[in-house]
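Visitor: Quick one: sequence plus predicted model below, questions after.
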Amino acid sequence: MVCLTGFSPRSVAKWSQGETPSPKQEKALVEMNRLFDGLARVIEPAQVGRWLTQPNSAFDGFTPLQVVERGELDRIWRMLYDLESGQPS
């Protein structure tokens, strides 16, 4: 989660000790949970981590993780919509 959100390991450690994330951090965490839930609908949940780090032709050879890090999360949501709806991309 640290790579996807850009949060430091220190922030994650503080949250695990009971500190509340800021509203901005909370929003990012909710979005990552939504992403994982969406991916789990089309990919075996145990394979999501592997999928995130594999180059993908749907993303011009970038890994999905790189797409997220570049701020292009909408590309992944579009792919999920296409897969779930049966629409050709």
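Guide: Done, it's in.
Visitor: which helix of the chain spans the most residues?
Guide: The helix that spans the most residues within the chain, counting by DSSP state H, is helix 23-42.
Visitor: After it, heading C-terminal, what element do we hit next?
Guide: Next along the chain after helix 23-42, taking DSSP states H and E as the criterion, comes helix 48-52.
Visitor: In terms of secondary structure, what does that next one contact?
Guide: For helix 48-52, the packing partners by 3 or more Cβ pairs under 8 Å, 6 or more residues apart in numbering; DSSP states H and E come out as helix 23-42, helix 64-69. C-beta here means a position set from N, CA and C on the backbone, and glycine is covered the same way.
Visitor: which stretch among the ones you listed comes nearest L83?
Guide: Closest approach to L83 among the helices and strands packed on helix 48-52 is made by helix 23-42 (4.8 Å; Cβ to Cβ).
Visitor: Can you give me the buried ones in that closest one?
Guide: Buried residues in helix 23-42, defined by neighbour count with 16 or more other Cβ atoms under 10 Å: 25, 28-29, 32, 35-36, 38-39.
Visitor: Generate TSV for the residues you listed, with distance to R70 as supplementary columns.
Guide: Putting the buried residues of helix 23-42 into TSV (distance: Cβ to Cβ, whole Å) gives the following:
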residue	distance to R70
Q25	20
A28	15
L29	19
M32	15
L35	15
F36	19
G38	18
L39	18
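Visitor: what's the closest of those to W51?
Guide: Nearest to W51, judged by Cβ to Cβ, of the buried residues of helix 23-42 is L39 at 7.1 Å.
Visitor: tell me the contacts of that closest one?
Guide: By Cβ atoms under 8 Å, 6 or more residues apart in numbering, the contact set of L39 is 45, 48, 51, 76, 80.
Visitor: now that we're looking at the residue nearest to the last one when sequence neighbours are not counted, how far away is M79 from it?
Guide: Translated: L80. Spatially, and ignoring its direct neighbours in sequence, L80 is nearest to G38 (4.8 Å; Cβ to Cβ, 6 or more residues apart in numbering). Noted for G38: a distance of 10 Å to M79, by Cβ to Cβ, to the nearest Å.
Visitor: Much appreciated, bye for now.
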